[in-house]
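>>> fold the following for me, if possible:
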Amino acid sequence: MKIGNKGCKSVVDHLQMINITKKFGDHTALSGVHFRAARGKVHALVGENGAGKTTLMKILSGLIHPDAGEIRIAGRPVTIASPKRAQELGIAMIYQDINLFPDLNIAENVFIRREPLRKWFGAIDWNKANREAAAYLESFGLDLNSRVPIRSLSVGQQKFVEIIRALSQNASVLIMDEPTAILTEQEIDQLFRAIAEVKKRGVAVIYISHRIEEIRRIADEITVMRDGTIVQSCGADELRMDEIIRVMVGREVKDRYPKLQVKIGDEALGVEGLTLQGRLKNISFSVRKGEIVGLTGLSGSGRRTLAKTLFGIYGPYEGEVRFNGKTFRSLTPHIAKTNGLCYISSASGEEGLIANAPIVENITLTNLKRVSRAGFIRHETELEFAEDLLDRLEIHADVNERADRLSGGMRKKLVLAKWLFTGAKVLIIEEPTAGVDTGSKIDIYNILNELLSAGASILLISSDLREVMGMCDRIIVMCDGEIRKIFHQGEATQEQIMFYASGGRQLPEPTAF
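From the prediction side, this is the model:
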């Protein structure tokens, strides 16, 4: 069977979606889409934000209904009218955001709403639930107690719990939407080992990701979507990485990390001997005007703790922090913001935006004085500022649209817009391109370049080693709450960064022959 420009010989397809069409008003989200997936295979579904991937998977998982087309499971036509029906048919979806109950333990989350019952009294058999959850944990090589609360787990471990929950429902089709968006390199490796185990169980895995390097590692087949249609479907070994990107965006992308070299100025942010009881140890570094300094490390390394301490969320601390020459021995978010520092969290949907508020209010909320007179907001001025920022950042939306209606890439840009409105000069930006398509990533990098040109400084926290190597003037590697190594641009390899991030202190000298 051939789809698009290239095809690949297919084993028996467990899932077939035939001629799927969906419109929202006058907008055609999907147009005659044919998609298939076989058991024991990883089928990557790629495309830019808005290409139709999420709509197609929401149809498969019963969240929305197609206007036309047919779905077949194991050759049999089915109607998926609800998520419950999808689950009955063996279809499970793991979303980009964690969808677990943090105060419940692993076993309780795995068996929520389908707890095993004792024969005679109808009471929940928690011993059985814990035994079964423990068996799954062991099969994935996870040294975790099934009675441990979810909130005590790392993000990566929580992802595994979601996979276990899906498999415990006898899922034959597992949809994974941007599963590695906020995982470290170590957690990504663990996840890929788990997916290999899932494949052995004969599950068809549909893997949605914007990280092309991952797709090359994990996928057996690739389907590329653009503008609501399938433009290519073939074996994963039939396309080079640059070809996948070209097919996705419809044009040649020559530079994926367009770092602008600007004149480096004086110190904008200085940290000296910063210690937070039990969490950060003697942290010292600086960020200068016009400079991007990368901050990377594994889960639990202290990167996020450092960011929140610098923004005044965590404290008290020992040591000193300097903003533009002023020294602070204690901080609050108000002090940080007043002195031109902002913190853009990776959890943009939870911490960075008011999801149900209009775009314009999300932007101007950070600096209401700028759009107010005599204590009253001037709505015309507010709209003018918001529209200007939407235009500058190429956010394609109406200023009165709700923030949660935007795609992931546009939400990232909106969080940047609201902090640009404050006139911030030192930006701590966490995982700026996680879960964002290639085109939007380049847009975000160009926004960072604009900020640098205007004299701003950026502390860029990222788990994407290619990103920090491609966009940063210096790279700080953290482990166990301390700085293990600082590299200058061009000095580091991924292997060297991982050596220090994993606990190494001194690379061995090369052996002479």
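>>> figure out the helix or strand that residue 387 lives in.
Under the criterion of DSSP states H and E, residue 387 resides in helix 379-392.
>>> distance-wise, check residue 163 relative to residue 60.
Distance of residue 163 to residue 60, given as C-beta to C-beta, to the nearest Å: 18 Å. In this view, the C-beta of every residue, glycine as well, is placed from N, C-alpha and C.
>>> on that earlier part again, what residues does the helix holding residue 387 touch?
359-360, 363-364, 370-371, 395, 397, 399, 417, 420-421 (C-beta atoms under 8 Å, 6 or more residues apart in numbering).
>>> now for the residues you listed: which two are most distant?
370 and 397 (21.4 Å; C-beta to C-beta).
>>> before we move on, the earlier item: quick one: buried residues of the helix holding residue 387?
Residues of helix 379-392 classed as buried by neighbour count (16 or more other C-beta atoms under 10 Å): 382, 385-386, 389-390.
>>> give me the mean pLDDT for stretch 502-513.
If you average the pLDDT over stretch 502-513, you get 62.
>>> that should have said stretch 264-284, apologies.
Averaged over stretch 264-284, pLDDT sits at 93.
>>> now the end-to-end length of that stretch.
Using C-alpha to C-alpha, to the nearest Å, the end-to-end distance of stretch 264-284 comes out at 19 Å.
>>> ditto for stretch 344-363
Chord length of stretch 344-363, first to last residue, is 13 Å (C-alpha to C-alpha).
>>> number the chain from 723, please
Got it, first residue is 723 now, which makes that one stretch 1066-1085.
>>> neighbouring contacts of the helix or strand just after the helix holding residue 1109?
Using DSSP H and E, the helix or strand that follows helix 1101-1114 in sequence is helix 1130-1142. Applying C-beta under 8 Å, 6+ apart, the external contacts of helix 1130-1142 come out as 771, 818, 900, 1064, 1066, 1070-1071, 1074-1075, 1081, 1084-1088, 1108, 1111-1112, 1115-1119, 1125, 1128, 1149, 1151, 1154-1155, 1157-1159, 1162-1163, 1165-1166, 1169, 1173.
>>> buried ones only from the residues you listed, please, as a PyMOL command.
To isolate the buried members of those in PyMOL, using 16+ other C-beta under 10 Å:
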select buried, resi 771+818+900+1064+1066+1070+1071+1074+1075+1081+1084+1085+1086+1088+1108+1111+1112+1115+1117+1119+1125+1128+1149+1151+1154+1155+1157+1158+1159+1162+1163+1165+1166+1169+1173
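>>> now, which of the contacts of helix 1130-1142 lie within strands?
1064, 1066, 1149, 1151 (DSSP state E).
>>> surely the first one meets residue 1152?
Going back to what we said before, that points to residue 1064. No. Under the criterion of C-beta atoms under 8 Å, residue 1064 is not in contact with residue 1152, lying 11.2 Å apart.
>>> ok now do residue 910, which residues does it touch?
Counting by C-beta under 8 Å, 6+ apart, residue 910 makes contact with 878, 902, 936.
>>> which strand or helix spans the last one?
Looking back up the chat, that one is residue 936. helix 934-940.
>>> also the second one?
Element membership for residue 902 (DSSP H and E) is empty, with no helix or strand holding it.
>>> dihedrals phi and psi, the residue lying closest to it once chain neighbours are set aside?
Leaving aside its sequence neighbours, residue 902 sits nearest to residue 910 (C-beta to C-beta, 6 or more residues apart in numbering; 4.9 Å). Dihedral pair for residue 910: phi -60, psi -40, per degrees, to the nearest 10.
>>> now residue 931
phi -160, psi 150.
>>> and residue 1183, how close does it get to residue 846?
42 Å.
>>> and these two? Which one has more around it.
Counted by other C-beta atoms under 10 Å, residue 1183 and residue 846 do not tie: residue 1183 has more neighbours, with 25 against 14.
>>> was I right to think that one contacts residue 1018?
Yes. Counting by C-beta under 8 Å, residue 1183 touches residue 1018, with 7.4 Å between them.
>>> mutual contacts of the two, please.
When contacts are counted by C-beta under 8 Å, 6+ apart, the set common to residue 1183 and residue 1018 consists of residue 1025.
>>> where does the protein have low pLDDT?
723-734, 771, 904, 971-977, 1069-1073, 1130-1131, 1157, 1159, 1229-1235 (pLDDT under 70).
>>> could you list the domains of it?
724-971, 991-1223 (automatic domain parsing).
>>> nearest to residue 981, of the ones you listed?
Ranking these by proximity to residue 981 (C-beta to C-beta) places domain 991-1223 first, at 5.1 Å.
>>> gap between that closest one and the chain center?
15 Å (C-alpha atoms, centre = their mean, to the nearest Å).
>>> next, the distance between the ends of that domain.
23 Å.
>>> for stretch 1074-1092, same thing?
20 Å.
>>> need the contact partners of it.
1059, 1066-1067, 1071, 1093, 1099, 1104-1105, 1107-1108, 1111-1112, 1117, 1119-1126, 1128, 1133, 1136-1137, 1139-1141, 1143-1145.
>>> try it again at 6 Å.
Stretch 1074-1092 is contacted from outside by 1067, 1093, 1104, 1108, 1111, 1121-1126, 1137, 1139-1140, 1143-1144, using C-beta atoms under 6 Å, 6 or more residues apart in numbering.
>>> residue 1201: which of those is nearest?
Nearest member of the contacts of stretch 1074-1092 to residue 1201, counting by C-beta to C-beta, is residue 1067, at 21.8 Å.
>>> any idea how far the closest one is from residue 1077?
The value you get for residue 1067 to residue 1077, if C-beta to C-beta is used, is 14 Å.
>>> neighbour count winner among the two?
residue 1067 (21 against 15).
>>> tabulate the domains of the chain (TSV), appending distance to residue 982.
Below are the domains of the chain laid out as TSV (distance: least, C-beta to C-beta, whole Å):
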stretch	distance to residue 982
domain 724-971	21
domain 991-1223	4
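>>> residue nearest the middle of this protein, spatially speaking?
The chain has residue 903 as the residue nearest its centroid, 2.7 Å off, counting by C-alpha atoms, centre = their mean.
>>> just the buried positions in the helix or strand encompassing residue 882, please.
Following DSSP H and E, one finds residue 882 within helix 877-890. Using 16+ other C-beta under 10 Å as the test for burial, helix 877-890 gives 878-890.
>>> in JSON lines: those residues, plus distance to residue 1004.
Converted to JSON lines, those look like this (distance: C-beta to C-beta, whole Å):
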{"residue": "878", "distance to residue 1004": "28"}
{"residue": "879", "distance to residue 1004": "29"}
{"residue": "880", "distance to residue 1004": "31"}
{"residue": "881", "distance to residue 1004": "33"}
{"residue": "882", "distance to residue 1004": "34"}
{"residue": "883", "distance to residue 1004": "35"}
{"residue": "884", "distance to residue 1004": "37"}
{"residue": "885", "distance to residue 1004": "38"}
{"residue": "886", "distance to residue 1004": "39"}
{"residue": "887", "distance to residue 1004": "41"}
{"residue": "888", "distance to residue 1004": "43"}
{"residue": "889", "distance to residue 1004": "44"}
{"residue": "890", "distance to residue 1004": "45"}
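>>> nearest to residue 985, of these?
residue 878 (39.7 Å).
>>> quick one: that closest one and residue 905 touch, right?
Yes. With contact defined as C-beta atoms under 6 Å, residue 878 counts as touching residue 905 (5.0 Å).
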